[in-house]
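# Take a look and give me a structure for this.
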Amino acid sequence: MQARATGTDRAVESVFREEHGRLLASLVRRFGDLDLAEEVASEAVEAALVHWPVHGVPDRPGAWLLTTARRKAVDRLRRDQAYAARLAVLQVDADRAGPAPDTGADSELPDERLQLFFTCAHPALLPEARGALTLRCLAGLTTPEVARAYLVPPATMAQRIVRAKKKIREARIPFRVPGADELPGRLPGVLQVLYSIFTEGYTASSGPRLQRLDLAEEAVRLARILHRLLPAEREVTGLLALMLLVHARRAARTGPTGELVLLEDQDRDRWDRAMIDEGLALVPPALTGGPPGPYGVQAAIAALHDEAADLATTDWPQIVALYDVLLTLTPSPVVALNRAAAVAMRDGPEAGLALLDDLADEERLRGHHPYPAARADLLQRLGRLPEAAAAYRQALDLAGTEPERAHLRRRLDALEHPGPDNPAHP
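Residues are numbered from 1 along each chain as shown. Okay, here's the model as predicted:
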């Protein structure tokens, strides 16, 4: 019986993980309240843990959870008239939004996750709350798991999520997909939430590890869902392509003990070729049919890196040209920094350093350790070793993760204590 119960627990966990977003979205659509939806979804899972070990896992487990959750919600509303009255007001707004769109998905649960994406990333919510709600509601992470993702105490994250839900309720944020006239203004916010989750997973802001693969993989999973729901949106396609092409290098980005391995030193045989092929196939549709978007352009840059046999054979002129386009779309010091690094590969370290020096007064780069690290590398290549050492020290003070700090310490040590096995010139 214990073995059977354990297997059932795993079945419930698997179903809940895969169907959580759909289940929650359907309940919010029906009852108009995120708190109620989460509570009855959890109660339905608890009921499954009691029922399924005795009667077996149903043929349509997602539908079973949805039916059970709906019954529990109705029971609760019957008991609490004040709660029901408050939800009735919210339901009026939901009804005005119209029926849920037919996604064409052959599923036992209606797929209304697109509405949930836009609710969680609504511009009325604080930026830090949008990502937290997306992970909580669409990815199905627990509050402690979301807290770990954002490196804050669980109590802090719980308060943040409660405030966000209260904002949704009090501001009567509608649970709907924006209309065609609103979508161009709202979709970038959803994409930014997913990209922010991915970038924190790709390179952690702090901590003992360079990568947080679980977080990056969750962002990729959510991007796949969004792409299935909005297949014609080119920037959604571009974001998924970018994530796949970058995440494909994950196994080669760190060494056996978790140390940082730069792109130029990575074993490209360890890159995930199936994921690269999937990402490459998405780049053309992301770039055709209209003016390119920033995610599509970044995906094209990532594609050029992934297609190259090594650093020397990378198409640096094309990468610089793409960064020129990206600068017109999203001008920022960080994009200019990346372009300067590409120019250094195309035209030499002196040309790249001149561009970096032009960015010296940019406020956004003062706490951004890749800027002094890039300057240190180019100064070292030019033989300006004392200046390079100073730049490495500056980068070391700013680096967030231990693998990044260890890498910078090794580079600085090579300058200060050169030898046969520790050359000062890379």
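
# Can you find the helix or strand in this protein with the smallest mean pLDDT?
Of all helical and strand segments in the chain, the minimum by mean pLDDT, DSSP states H and E falls on helix 81-96, at a mean of 57.

# Which elements pack onto the next helix or strand after that one?
Per DSSP states H and E, the first helix or strand lying C-terminal to helix 81-96 is helix 113-120. With contacts taken as 3 or more Cβ pairs under 8 Å, 6 or more residues apart in numbering; DSSP states H and E, helix 113-120 sits against helix 2-31, helix 127-133, helix 183-202, helix 213-229. All C-beta atoms are positioned from the backbone trio N, CA, C, and that covers glycine.

# give me that answer again for 10 Å
Other helices and strands packing on helix 113-120, by 3 or more Cβ pairs under 10 Å, 6 or more residues apart in numbering; DSSP states H and E, are helix 2-31, helix 34-55, helix 127-133, helix 154-170, helix 183-202, helix 213-229.

# For the fourth one, buried residues please.
Same thing as helix 154-170. Neighbour counts over helix 154-170 (16 or more other Cβ atoms under 10 Å) mark 157-158, 160-161, 164-165, 167-169 as buried.

# quick revisit: could you dump the helices and strands packed on helix 113-120 to TSV with distance to residue 352 and mean pLDDT?
Converted to TSV, the helices and strands packed on helix 113-120 look like this (distance: least, Cβ to Cβ, whole Å; pLDDT from 0 to 100):
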stretch	distance to residue 352	mean pLDDT
helix 2-31	44	72
helix 34-55	49	87
helix 127-133	32	90
helix 154-170	41	92
helix 183-202	23	92
helix 213-229	28	93
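
# The ones you listed: which one's closest to residue 66?
With Cβ to Cβ as the criterion, residue 66 lies closest to helix 2-31 of these, at 5.8 Å.

# now stretch 117-124, how far from the chain's geometric center?
Put simply, stretch 117-124 sits 15 Å off its chain's centre (Cα atoms, centre = their mean, to the nearest Å).

# brain fart, stretch 318-336
Distance, stretch centre to chain centre, for stretch 318-336: 21 Å (Cα atoms, centre = their mean).

# how about that stretch: buried residues?
For stretch 318-336, a neighbour-count test (16+ other Cβ under 10 Å) marks 319-323, 326, 333, 335-336 as buried.

# can you tell me which of these are in helices?
Among the buried residues of stretch 318-336, the ones falling in helices (DSSP state H) are 319-323, 326, 333, 335-336.

# Farthest pair within the residues you listed?
Spatial extent of those (Cβ to Cβ) is set by the pair 321 and 333 at 19.7 Å.

# just to revisit the earlier point, tabulate the buried residues of stretch 318-336 in a markdown table, adding columns for pLDDT and distance to residue 304.
Output for these, formatted as a markdown table (pLDDT from 0 to 100; distance: Cβ to Cβ, whole Å):
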| residue | pLDDT | distance to residue 304 |
| --- | --- | --- |
| 319 | 98 | 5 |
| 320 | 98 | 11 |
| 321 | 98 | 10 |
| 322 | 98 | 8 |
| 323 | 98 | 11 |
| 326 | 98 | 13 |
| 333 | 95 | 22 |
| 335 | 97 | 16 |
| 336 | 97 | 19 |
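
# which one of the ones in helices among the buried residues of stretch 318-336 sits closest to residue 207?
Of all those, the one with the least separation from residue 207 (Cβ to Cβ) is residue 333, at 24.9 Å.

# and that closest one, what does it touch?
Taking Cβ atoms under 10 Å, 6 or more residues apart in numbering, we find residue 333 in contact with 359, 361-366, 368, 371.

# and residue 168, how far is that from residue 118?
Distance of residue 168 to residue 118, computed by Cβ to Cβ, to the nearest Å: 11 Å.

# For stretch 66-85, which residues meet the burial criterion?
In stretch 66-85, counting by 16+ other Cβ under 10 Å, buried: 66, 68-70, 72-73, 76-77.

# what do you get for stretch 18-31?
Neighbour-count burial for stretch 18-31, counted by 16+ other Cβ under 10 Å, picks out 19-31.
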